[in-house]
Every structure is written in C-alpha cells, then in structure tokens.
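Enquirer: Sequence first, then the predicted structure:
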Amino acid sequence: MLLVNPQTAFQWTGSLDIHGVPMKGIREKQGHSFTRIGYLAGKESAACDPDEVGSLHRQQLRPLSKPTLLQARQEYAQRQVPTFPRYFIIEPTNVCNKVCPFCTINVMDRRDADGKVVKGFMPWGTFMRLMEETWHYPVYGISLYQLGESFLWHGKDESGRTLNISDMVNAAKRVGGFRAVNLSTNGDVPNLACIFDSELDDLIISIDGMTKSVYEENRPGASGLETFERTIDRVREFLEAKQQRGLSKPFVRMQIINKDNTADQIVDFIRHWIDVPGVDDVFVKDLDSMRSWLGSTVVSDEEDRLKADRVALMPCQHLFAIGSMVVNGDLNGCCHDAQNQLVQTVTLPDGRTGNANIHNMSFVDWWNGAFMTDLRGEHCEGHFRMPCRDCRERDPWLG
C-alpha cells in the first residue's frame with residue numbers, strides 16, 4: 001500500500017535508532033509495527049534481528065491470522081466471494097468524545113429508511129442477532145469499532161443487567177465464534193480497565209502526538225476542553241494495571257498516525273512508548289485520506305492524485321472480504337460508508353420498505369444478495385458509484 005501522503009509523512013528506508021536498537025519496523029497492511037519484545041531482544045543481543053523476533057512472536061500469538069489472510073488474498077485475486085465473510089467490522093456506537101479532523105464522524109449521516117437520524121448505541125439484541133448467525137460460519141476476526149468511541153458503549157441484556165464493551169467482546173468470542181476480537185480507543189475514557197475481565201485479543205490506543213499542541217490538534221475534545229494530560233494519565237494507569245496483573249492480553253498497540261504534524265515526532269513516539277511496560281508494540285499508521293467524505297481537508301489534491309493513480313480501477317477488497325454493520329443494525333457495503341450510501345432499501349414481509357437490517361434479513365442473504373453482487377460487479381467492470389468513486393482506501397484490507 002502506498003502512503004496517501006508521501007510528500008508530508010515521515011519516511012525512512014534504513015533502520016531507526018530506538019535507544020541504540022536498530023529497527024526498521026515490520027511492514028503491515030496499514031503501517032509499520034515496532035514490537036517491544038523485539039526491542040528488548042535487541043537490547044539483550046546485537047546479533048538478533050529485533051523486527052524478525054517481533055514478527056515471529058506476533059505469528060505465534062495469532063497462528064490463524066496468516067493462513068486466513070492468504071486465503072482471502074487468493075479469493076480476491078480470483079474475484080471469488082466466500083459464502084460468508086471471515087472478518088467483520090461493526091459499530092457499537094457512533095458517539096464519540098473527540099472531533100478528530102481526519103475522522104468521517106464529522107460528516108456522518110446515519111439515517112433509517114424513514115429518514116430519521118440514527119445516533120447512539122447498538123442495542124444488545126441487535127448485536128446478539130448477528131452473533132447468533134456468525135456462529136454457524138467459519139469466522140475469524142471482528143473489530144468492534146467503526147465511527148465512535150467503543151468504550152462509551154453501554155446497554156442492557158434481556159434481564160436488565162447493565163453491560164459495557166467487555167460484554168460485547170465476550171459475546172463475540174463465546175456466541176459469535178470469533179477467534180480474534182479487537183478494539184480501538186482514543187484512550188480518553190475512564191473505563192479502560194473493564195476489558196481486563198474480557199477475552200479481548202488486541203487493543204489499539206491512538207494517541208497521535210508527543211506534545212500537547214500536536215495531540216490536541218489531532219485529537220481535540222468534543223467538549224472543547226484540552227485533554228492531553230488526562231488521556232496520558234488514563235493510558236498510563238491502564239498499562240500499569242495490566243503490568244501489575246501480569247496479563248499477556250490484550251495485546252496493546254500504541255498508535256500514531258503518520259501525517260504532516262506528526263512527522264517529526266514519529267521516532268520520539270516510538271522511543272517513548274516502546275519503553276513502557278504493558279505496551280506490546282508501537283504502530284506508525286498510514287493516513288487514510290477519506291477523500292469521498294472529507295475532500296482535501298486531510299491531504300492535498302496533489303498528494304491524493306498519487307494514491308488515486310495507485311488504486312486506479314481496483315475493485316474494493318472490502319467488498320470481497322469484510323462484513324459491516326452499523327449502530328442500528330443496518331447492513332452496509334463498507335465500514336467507511338459514513339453517510340449510508342451503500343445501504344439497500346428492501347421490501348419487508350409486511351409490504352413496507354426498510355433498510356437492509358439484521359432484524360429483517362440474515363447477513364448471509366445480504367452478503368450474497370443482489371445489492372452486494374451488483375456492487376462487486378460494478379467494481380470489477382471499473383464503474384464506481386459514490387462514495388466508492390473517490391475512495392482511496394480500496395486496497396489496505398488484504399495487504
């Protein structure tokens with residue numbers, strides 16, 4: 001995958017000096033990973049390759065990841081569609097305590113079939129309806145986040161018991177049958193520790209800056225309050241608790257987006273967080289332009305053209321590999337679809353019309369139905385409706 005912003009991002013070809021340990025970082029589908037276990041091995045012995053140590057360790061933690069990804073790549077290359085996606089990205093909530101300028105939540109427009117704005121928290125019954133279906137298929141992984149801060153999610157089960165995001169994680173494992181469950185957070189929440197009692201595999205904590213000024217430019221609080229110190233305190237408290245409990249899970253990834261105002265802080269960010277116990281890796285993430293929704297506010301027109309040439313007429317990999325469901329149970333073609341442009345209107349059993357929703361049709365019927373089949377066909381023929389036409393994020397899913 002080519003960086004969206006090659007002119008303004010931090011780039012390197014050789015090894016970086018991470019406190020005396022030379023590390024290039026492990027190239028992944030959306031950025032570079034610098035693992036703490038590789039870093040510590042490099043401090044112990046100059047003869048070892050810290051990136052290789054880190055890569056092998058990661059593969060041992062998730063042995064099914066590589067063969068699952070390989071199978072998905074092969075299917076995509078042949079334009080074969082699996083009967084049911086092995087990976088899902090769903091939206092527990094589309095409410096957030098941040099207004100990050102590079103996030104499409106700022107222009108999000110979720111509406112139901114009657115045109116009513118949908119914003120809030122996914123009902124427990126909606127989530128469980130999907131989980132009860134996924135159990136019957138060979139699913140592998142699920143990301144419990146789209147637009148919104150997932151740690152804000154709360155709900156109640158049938159008995160009235162109050163639930164938090166850890167309950168979603170456990171249900172995804174025990175009911176949904178998912179082998180890998182991951183969450184992403186901005187870290188500025190008081191309940192990070194709730195996931196210690198869950199079966200969460202991976203947690204991404206996006207800080208996106210080493211200094212107060214850069215952080216608050218990238219992650220401004222929705223309330224207008226400055227939150228850099230509070231976020232750092234909350235994250236450090238969480239990491240200390242993980243270390244004190246001797247927990248190996250979740251695998252914690254500290255993340256910084258590689259963009260113009262973070263470029264000269266990337267190395268310091270890696271050096272800082274890789275030394276903190278409780279952190280498993282530090283990730284330098286490629287910046288998504290979100291062109292279809294944010295225009296040229298994230299990257300310049302000139303930089304965008306470089307990525308546009310890269311994806312050209314490429315059919316979106318997401319349509320062949322990733323299942324997506326938003327906060328009210330509507331089934332959409334892509335997790336980037338901030339304005340529900342890839343949601344189908346269907347005729348319900350009682351004759352009314354409504355959005356394709358988990359409560360009025362199964363996901364397998366949606367995935368293999370006319371809407372998704374036609375959408376894939378358009379992409380394969382080089383025809384793109386909005387928002388696909390201007391989207392540059394068609395190629396990260398399968399590497």
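Expert: Happy to help now that I have it. Numbering: from 1, shown residues only.
Enquirer: where exactly do the strands run in the stretch 101-250 of the chain?
Expert: Here the stretch 101-250 of the chain has its strands, by DSSP state E, counting those that start in this stretch, at 141-143, 154-156, 162-164, 180-185, 202-206.
Enquirer: looking at this structure, which helix or strand is least sure?
Expert: The least trusted helix or strand in the chain, going by mean pLDDT, DSSP states H and E, turns out to be strand 345-347, with a mean of 82.
Enquirer: which of the residues in that one are buried?
Expert: Val346 (16 or more other C-beta atoms under 10 Å). In short, each C-beta sits where N, CA and C put it, glycine included.
Enquirer: Tell me which helix or strand comes right after that strand.
Expert: Moving toward the C-terminus from strand 345-347, the next helix or strand (DSSP states H and E) is strand 353-355.
Enquirer: The longest strand along the chain pairs with which strands?
Expert: Ranked by residue count and defined by DSSP state E, the top strand of the chain is strand 251-258. Sheet pairing here is set by DSSP bridges, and for strand 251-258 it gives strand 202-206 (parallel), strand 281-286 (parallel).
Enquirer: the inter-axis angle of the shortest one versus strand 180-185?
Expert: Going by axes from the mean of the first three to the mean of the last three C-alpha atoms, to 10 degrees, strand 202-206 is angled at 20 degrees with respect to strand 180-185.
Enquirer: Now do strand 202-206: everything it contacts.
Expert: Outside of strand 202-206, the residues within contact range by C-beta atoms under 8 Å, 6 or more residues apart in numbering are 180-187, 195, 219, 235, 250-257, 283, 285.
Enquirer: What about Cys380, how many residues nearby?
Expert: Using other C-beta atoms under 10 Å, Cys380 has 13 neighbouring residues.
Enquirer: what does Arg230 give?
Expert: 14.
Enquirer: Against His336, how distant is the nearest residue to it once chain neighbours are set aside?
Expert: Take Arg230 and drop its neighbours on the chain: the residue closest to it by C-beta to C-beta, 6 or more residues apart in numbering is Asp188, 6.4 Å away. Here Asp188 is placed at a distance of 23 Å from His336 (C-beta to C-beta, to the nearest Å).
Enquirer: that older thread, okay, the strands paired with strand 251-258, which one's buried deepest?
Expert: Most buried of the strands paired with strand 251-258 by mean neighbour count (mean count of other C-beta atoms under 10 Å) is strand 281-286; its value is a mean of 24.
Enquirer: Mind jotting down where the helices sit in the stretch 251-399 of the chain?
Expert: 266-273, 291-294, 301-311, 318-321, 363-367, 370-380 (DSSP state H, counting those that start in this stretch).
Enquirer: now the angle from the third one to strand 281-286?
Expert: Comparing the axes of helix 301-311 and strand 281-286 via the same axes, to 10 degrees yields an angle of 100 degrees.
Enquirer: Looking at helix 301-311 now, give me its mean pLDDT.
Expert: The pLDDT scores in helix 301-311 average 86.
Enquirer: Next, the buried residues of that helix.
Expert: Neighbour-count burial for helix 301-311 [16+ other C-beta under 10 Å]: Glu303, Asp304, Leu306, Lys307, Ala308, Val311.
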